[in-house]
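>>> Sequence first, predicted model second:
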Amino acid sequence: MDRVLFKKGMQRKFLDLVVARLGCISLRGILQFGFDVKYSSLKNYYVERRLMDAEFFEDLCRLAKIDVRELDVEFVRGNWGQVKGGKIGKRRI
């Protein structure tokens, strides 16, 4: 599953733009359009704790009529940033 990497602070601005274009009162209003995303995940996207799923990002762009090419985003693989567990521990022994 691919993820979308925004510059710092831009993921929040993107979600604010989506909320404004869809005419929602708050971030929770996005869920009324039938997205299968939990509200806690949506909040994590908003505070930039997690990278947004590429499919969800494209659906939001399509719904809010935002051109993806105008945004400065990078698509990364789903395992981007994962820790390679065990390698450091083996060296210490």
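Yep, it's here.
>>> which residues are contacting the helix ranked longest in the chain?
Criterion DSSP state H: the longest helix present in the chain is helix 10-22. Identification of contacts with helix 10-22 by C-beta atoms under 8 Å, 6 or more residues apart in numbering yields 4, 6, 26-27, 29-30, 33, 42, 45-48, 52, 60, 63-66, 71-73. To be clear about C-beta, it is placed using only N, CA and C from the backbone, and glycine gets the same treatment.
>>> switch the cut-off to 6 Å
Residues outside helix 10-22 that contact it (C-beta atoms under 6 Å, 6 or more residues apart in numbering) are 46, 48, 60, 64.
>>> And stretch 47-57, by the same measure?
By C-beta under 6 Å, 6+ apart, stretch 47-57 touches 2-5, 11, 44-45, 75.
>>> Swap in 10 Å and give it another go.
For stretch 47-57, the external contacting residues (C-beta atoms under 10 Å, 6 or more residues apart in numbering) are 1-6, 8-12, 14-15, 18, 30, 35-37, 41-46, 58-60, 66, 68, 71, 73, 75-76, 78, 80-81.
>>> do stretch 72-79 as well
1-7, 10-11, 14, 51-54, 57, 61, 68, 80.
>>> Which ones among those map onto strands?
Judged by DSSP state E, the contacts of stretch 72-79 include 3-6, 52-53 as members of strands.
>>> Pull out the buried residues from those residues.
3-4, 6, 52-53 (16 or more other C-beta atoms under 10 Å).
>>> Including distance to residue 22 and pLDDT, could those residues go into TSV?
As requested, these are arranged in TSV below (distance: C-beta to C-beta, whole Å; pLDDT from 0 to 100):
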residue	distance to residue 22	pLDDT
3	22	91
4	18	92
6	19	91
52	16	92
53	18	90
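>>> Compute the distance between the residue nearest to residue 67 when sequence neighbours are not counted and residue 81, please.
Spatial nearest neighbour of residue 67, excluding adjacent residues (C-beta to C-beta, 6 or more residues apart in numbering): residue 61 at 7.5 Å. Distance, residue 61 to residue 81, using C-beta to C-beta, to the nearest Å: 23 Å.
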